[in-house]
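> here is the input, now give the coordinates:
(2 chains)
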Amino acid sequence: MAMDLKEIETLIKEALPDAIIEIQDLAGDGNHYSATVTSGEFSGKSKIEQHKLVYNSLKGKMGNELHALAIKTKEQ
Amino acid sequence: MDQETKDLINNEITNNEVCLFMKGTPDAPQCGFSMAISNMLKILEVKYKGINVLETQSLREGIKKFSDWPTIPQVYIKGEFIGGCDIVKEMYENGELKKILENKGINFKK
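Numbers count the residues shown, from 1 in each chain, chains lettered A, B, ... in the order given. Prediction:
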């Protein structure tokens, strides 16, 4: 039940190619991450929609393999 | 999601102005993220109903489908999904949460 930092970044990047992604492994256990995602795709969208774009990019892993990913989204 | 779970969620968000679907209870949260949101609402002195999703497996999965949101906690104000831990925390910090409470006519400590 852990995910590699690179894997998270790759999945987000596939869905949001222009994204600038900063990920931190908060506890060093491969299970608690924080990600700041900056993308042009976010402009004009609500925070809920922005976070959904990131969740969707993780293809159902959020809440399963990935226990905790704190997300911060920024419009480019 | 079965109809019973759907009705249960609809009832909660209709009958309680502010609902927090959480792991554990406001007095004994079982997860740091649920505790964080619970504490923010307490600080703002908002009257809210904490619904423990750990009590019912169908509710734990059902609320994710209902909101189309993969994580818990989840906050509803006057029947509207406001966000999960990250969004509500950000809104708390930048003052947007107070604006929403104000706009929706919910009492809180100003």
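
> give me the number of residues near the nearest residue to A:Glu65 once chain neighbours are set aside?
Spatial nearest neighbour of A:Glu65, chain neighbours left out: A:Met3 (5.3 Å); criterion: C-beta to C-beta, 6 or more residues apart in numbering or on different chains. Glycine gets a C-beta too; all of them are placed from N, C-alpha and C. A:Met3 has 19 neighbours, counted by other C-beta atoms under 10 Å in any protein chain shown.

> quick check: A:Met3 is in a strand.
No. Under DSSP: H, G, I helix; E, B strand; the rest coil, A:Met3 sits outside any strand and is assigned coil.

> for it, which residues are in contact?
A:Met3 makes contact with A:30-31, A:33, A:61, A:65-66 under the criterion C-beta atoms under 8 Å, 6 or more residues apart in numbering or on different chains.

> tell me how far the residue positioned nearest the centre of chain A lies from chain B.
Computing the C-alpha centroid of chain A and ranking residues by C-alpha atoms, centre = their mean puts A:Val54 first, at 4.9 Å. Distance of A:Val54 to chain B, computed by C-beta to the nearest C-beta, to the nearest Å: 10 Å.

> so B:Asp2 makes contact with B:Ser58?
Yes. Taking contacts as C-beta atoms under 8 Å, B:Asp2 lies within contact range of B:Ser58: 6.6 Å.

> near chain A, which residues of chain B show up?
B:33, B:64, B:68-71, B:81, B:83-87, B:90-91 (C-beta under 8 Å from any C-beta of the partner chain).

> show me what counts as buried in the helix or strand where A:Ala35 lies.
Assigned by DSSP states H and E, A:Ala35 belongs to strand A:32-39. Residues of strand A:32-39 classed as buried by neighbour count (16 or more other C-beta atoms under 10 Å in any protein chain shown): A:32-33, A:35, A:37-39.

> also near chain B: which of those residues, exactly?
Okay, of the buried residues of strand A:32-39, nothing touches chain B (C-beta under 8 Å from any C-beta).

> would you format these as JSON lines with pLDDT included?
Putting those into JSON lines (pLDDT from 0 to 100) gives the following:
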{"residue": "A:His32", "pLDDT": "87"}
{"residue": "A:Tyr33", "pLDDT": "92"}
{"residue": "A:Ala35", "pLDDT": "96"}
{"residue": "A:Val37", "pLDDT": "98"}
{"residue": "A:Thr38", "pLDDT": "98"}
{"residue": "A:Ser39", "pLDDT": "98"}
